[in-house]
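Colleague: Take this sequence and fold it.
(2 chains)
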Amino acid sequence: MTTNASQSCPQCGATIPEGSADGLCPRCVFAKAMAPTADGGTVPHVPPSLESVRAAFPHLEVTALIGSGGMGAVFKARQPQLDRFVALKILPTELADQPGFSERFQREAQALAKLSHPHIVTIYDFGHAGGFYFLLMEFIDGVNLRQLLKAKRLTPKEALSIVPPICEALQCAHDHGIVHRDIKPENLLIDRAGVVKIADFGIAKIIAASSAETAGETTGASSSAATLAFGTPDYAAPEQRDASATTDHRADIYSLGVVLYEMLTGERPKEKIEAPSKRVQVDVRIDEIVLRALEVKPELRFATATEFRTQVEAATLAAHIPPPSGAWFPLRRVSAALTATAFFAGFIPLFFVLDFGFPIGNPGIAALGTMLIGLPIIMLGVHAWCARAATAASPDQRRQVRRVFLVGATVAGILAAVGVAAGVFFLLALLEERGGWNPAPDEAVVVPLAWIAMLALSWAAAVLFRTGGRMPDGATEPSQDRIDETARNSDNPPRFSRAAIIGACWVPMTLFSFVAVAIATYQVRGDPATGPEWWQLAILIPALILGVAGPFGTTILGWVAVAQIRRSAGRIHGLQLALFDGLVFPLMTLSGVIALAGVAMAKMFVDFYLNPSLMGHPNIDPPLHPKVAFWLSQNTGLAALLLIIAIVAANIFIVRAVMRAVRK
Amino acid sequence: MQSNHTPGNFMSTHWTLVLRANASSPEGKAALSDLCEAYYQPVFVFLRRMGFDADTARDHAHSFFAHLLQRGFPGPDPDRGRFRSYLLGAVKYFVGDLLDHARREKRGGGVEHESLDQNHDGSPALLIVDPAALSAPVLFDREWAVTVMNRAVAALAAEHQGGTAAQFEMFCPWLMGDAVATHAETAKALGMTEGAVKVAVHRLRKRFRELLRQEIAHTLSDDADVEDELRYLCSVHG
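Modeller: The predicted model follows:
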């Protein structure tokens, strides 16, 4: 190495000391070594001059430089033929001479051009012109999020409202296999209309790959450092800093989490992340979301941007409602138990009725029998469907299933109540029996069933009301004013309609009183000498009062509950049970009336035509009718079945019409 | 002494190591001796500024270092953070001691008559201060900066031996800045594209920066600030 005596530095003019290696001027060397300080070795980039850009793009009216950074320089320009403003991004020239750069650039730009999303800055064109690699993009007339944050603090609501559109955009990009890798407030643009758009998609990748080549580094740490050099390290996911780990779309989710944290608290999360709720007034649910997005391990974060979005949206809408309980309703078990109960309970009164000649006449028997056979069969069907639907994938489907099931369960419970009534009756009969209990065969079957039904009812009632109270919010998406109402009612957690439950409880009471009256009548008839015992009266009289009031009470409570639920905007649920309450007695009455009327008319019909003498009309000429009448008299069973079908159809029609009306 | 050090050696020389190791341990001694060998020049320049002629200064420097290595620092507690300050302090003390000794000898003791000639051994040149000339400590620091730079350059050269040596020679002046030559000329001279030249220069500068900082770090204890020292060294040259 030669040393030159008393030379002056050509650049700064200072005397180069003897002994300086290679005649280097220490002043200049040190000055140069000092120059790049914070960014630790990024490619020194001077934005191209306006004239050179104008010369390179003669077909555009290039107005001004709007930004410059490690990613390149952005100019505002106008396309005169299309009469629109565009943003012209010029990539750093140092990258241009890398081998393979143009292929890489083209690949990325083509991939980006496929992204067409309202929240992603659209790429109009890209290429190489006048020595510059450029991207022609949508011009966003607005500010970036960094500028917005500097200007004012966002409310939590505003902050959260920015996230869903970004997530949508990210999901779209991820679906196309593109990861942004540099999500930060500077890259989130907000136009005058308040629409947020993500800019610089994929640019980080193009430049990172190039600068890694530029630096000539082969170690992974350096290439990720190069990536970092173009992304502020604060927003980069931990795996982006680590050379050995692979980064995927979840890095974007992390970066967005950092942005959200910064929007909420005003600062970026430090080494030890402090929950946002400790710093500002936000719901604890938001905490969970933010902290999950900021998980160090990618597998612990949200798996997709969509998941992030739905969580944020749910938290925004239900800001005051605690999250639903996670326990999955033991659908199959309870469904089976209650259906079995209903089944047995349904048949018990039937036996009872048929065997003991319930004093309400044959049409009454037919009607009661119809109801009591039909309903357990329906319950079996409901159970089968529920059991199949229990494997339903989405929570919405499960909720539907739960709702339908609860309605069915209520009905089953009611039938079980009837069975209990029968059981009580038998108990009384047993107690009355003097001289040992000699059960008839059918009695021996029915009595144990009745007792099972009694136990099952207690359990069913407990399960039903407990589950009903825990049922998650099944309301559809509420409108803005509903959210306000929800916010106003924020002290009350969501609950099952109390009116509906009371109405449902009243139903067995009615049936019970019905049975009780029958017992009393039976007893009076059977043994005129003894009136009802005092304890029987004690039970009977209140039961009678409640029972008589029952149909009215239940129906009224049912409709009150429906009104409440509709008004509460999702806070109160149990619409099905309320509808059931409101409809059960009217429908029962209707069914009974149809049955009675049908049977009576049929009887009259048959009697009229087949036994004219009974009716006192001997001289009617019977053309077609006797055949029908004859058929009717011969096929009572089939006729009864037709009647049952008619009743069931009427019920279903009415229920559906009402439900549709209520849902509107 | 600059060219003999390969980058590998740098790893072991560390001011922190010296501070932590006591005088008797072999690692400490080896580290200190490496550092002393590396930063001989500033000491020499300091001694020259003090008025000693070249040969005498060299002798003194040698004895100073020998003293240092044997007994450690003889004076009051130095600034332990930086080797530079430490060494400067040690040299000052040493020179002061030398002068005292010489004065004492002059006054009494030895009968030798010594001329008052400046160039004669022992008489301090400090009495005649040239306002235009820089003071010895400043000179020391300047020379220190040059030494640091030289060592970094040497390390860089060592990395570019063999095939790329010619390239390195061409690119070396670029460490000073962009005004040295145009990219086009250099490109032509080396048969590379302009873009490639830019890239190579950038790479070289980046590496140089790293090496420079590394070299500085070796002369600092762990808690001292590399950037601070770098800034200071930059400032000594105006």
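
Colleague: ok, how many other residues are close to the residue in chain B that chain A sits nearest to?
Modeller: Distances between chain B and chain A by Cβ to the nearest Cβ are smallest at residue B:195, namely 2.6 Å. C-beta: built from backbone N, CA, C; applies to glycine. The tally of other residues near residue B:195 (other Cβ atoms under 10 Å in any protein chain shown) stands at 16.

Colleague: Quick one: list the elements packing against the strand or helix carrying it.
Modeller: Per DSSP states H and E: residue B:195 is located in helix B:194-218. Applying 3 or more Cβ pairs under 8 Å, 6 or more residues apart in numbering or on different chains; DSSP states H and E, we find helix B:194-218 packed against helix A:26-34, helix A:203-215, helix B:7-12, helix B:136-159, helix B:165-171, helix B:183-190, helix B:226-236.

Colleague: do you know which of those lies nearest residue A:104?
Modeller: helix A:203-215 (6.1 Å; Cβ to Cβ).

Colleague: Give the residue spans of the stretch 201-350 of chain A that score low on pLDDT.
Modeller: A:202, A:204-232, A:243-245, A:318-350 (pLDDT under 70).

Colleague: again, 80 this time
Modeller: Applying pLDDT under 80 to the stretch 201-350 of chain A picks out residues A:201-234, A:240-247, A:270-271, A:277-283, A:317-350.

Colleague: picking that back up, now the helix holding residue B:195: average pLDDT?
Modeller: Averaged across helix B:194-218, the pLDDT comes to 82.

Colleague: Quick one: work out the angle between that helix and helix B:226-236.
Modeller: On the basis of axes from the mean of the first three to the mean of the last three Cα atoms, to 10 degrees, helix B:194-218 is oriented at 100 degrees to helix B:226-236.

Colleague: could you give the angle of helix B:194-218 to helix B:183-190?
Modeller: 90 degrees.

Colleague: List the buried residues for helix B:194-218?
Modeller: Within helix B:194-218, the residues that count as buried by 16 or more other Cβ atoms under 10 Å in any protein chain shown are B:195-218.

Colleague: do the same with stretch A:112-130
Modeller: Under the neighbour-count rule (16+ other Cβ under 10 Å), stretch A:112-130 has A:112, A:115, A:117, A:119, A:120, A:121, A:123, A:124, A:126, A:129 buried.

Colleague: So which of those is the closest to chain B?
Modeller: Using Cβ to the nearest Cβ, the buried residues of stretch A:112-130 come closest to chain B at residue A:129, 16.6 Å.

Colleague: Spatially, what comes nearest to the closest one if we skip its sequence neighbours?
Modeller: Spatial nearest neighbour of residue A:129, excluding adjacent residues (Cβ to Cβ, 6 or more residues apart in numbering or on different chains): residue A:56 at 5.0 Å.

Colleague: near chain A, which residues of chain B show up?
Modeller: Chain B has residues B:2-3, B:41, B:142-143, B:145-146, B:149-150, B:153-154, B:172-173, B:175-177, B:179-180, B:193-196, B:198-199, B:202-203, B:205-206, B:208-209, B:212, B:227, B:230-231, B:233-234, B:237-238 near chain A, with proximity defined as Cβ under 8 Å from any Cβ of the partner chain.

Colleague: any idea which helix or strand carries residue B:64?
Modeller: Going by DSSP H and E, residue B:64 is part of helix B:54-71.

Colleague: no no, residue A:190
Modeller: strand A:188-191.

Colleague: Following that strand in sequence, what is the next regular element?
Modeller: strand A:196-198.

Colleague: and that following strand, what's its mean pLDDT?
Modeller: So the average pLDDT for strand A:196-198 ends up being 93.

Colleague: now what about it, what contacts it?
Modeller: A:118-121, A:138, A:140, A:145, A:162, A:165-166, A:169-170, A:180, A:183, A:187-191 (Cβ atoms under 8 Å, 6 or more residues apart in numbering or on different chains).

Colleague: what about residue A:7, neighbour count?
Modeller: So residue A:7, with other Cβ under 10 Å, has 14 neighbours.

Colleague: hmm, back to that, taking the contacts of strand A:196-198 one by one, which sit in strands?
Modeller: A:138, A:188, A:189, A:190, A:191 (DSSP state E).

Colleague: So what's the residue count around the residue lying closest to residue A:238 once chain neighbours are set aside?
Modeller: Spatial nearest neighbour of residue A:238, excluding adjacent residues (Cβ to Cβ, 6+ apart): residue A:296 at 5.1 Å. Per other Cβ under 10 Å, the neighbour tally for residue A:296 reads 11.

Colleague: right, and residue A:587 touches residue A:654 too?
Modeller: Yes: assessed by Cβ atoms under 8 Å, residue A:587 is found in contact with residue A:654 at 6.5 Å.

Colleague: which of the two has more neighbours?
Modeller: Neighbour totals were compared for residue A:587 and residue A:654, and residue A:587 leads with 19 against 14 (other Cβ under 10 Å).

Colleague: residues contacting that one?
Modeller: So, once contact is read as Cβ under 8 Å, 6+ apart, residue A:587 ends up touching A:651, A:654, A:655.

Colleague: before we move on, the earlier item: if we go by neighbour counts, what in the helix holding residue B:64 is buried?
Modeller: Buried-residue list, helix B:54-71, by 16+ other Cβ under 10 Å: B:56, B:57, B:60, B:61, B:64, B:65, B:68.

Colleague: Please name the nearest non-neighbouring residue to the third one.
Modeller: In this structure, residue B:60 finds its nearest non-sequential neighbour in residue B:47, 5.3 Å apart by Cβ to Cβ, 6+ apart.

Colleague: A helix includes the one you found, no?
Modeller: Yes: according to DSSP: H, G, I helix; E, B strand; the rest coil, residue B:47 belongs to a helix.

Colleague: so what pLDDT did it get?
Modeller: 87.

Colleague: separation between it and residue B:89?
Modeller: 15 Å (Cβ to Cβ, to the nearest Å).

Colleague: again, but for residue B:51
Modeller: 19 Å.

Colleague: Could you check which of the two is surrounded by more residues?
Modeller: Shown here are residue B:51 and residue B:89; by other Cβ under 10 Å, residue B:51 has more neighbours (22 against 17).
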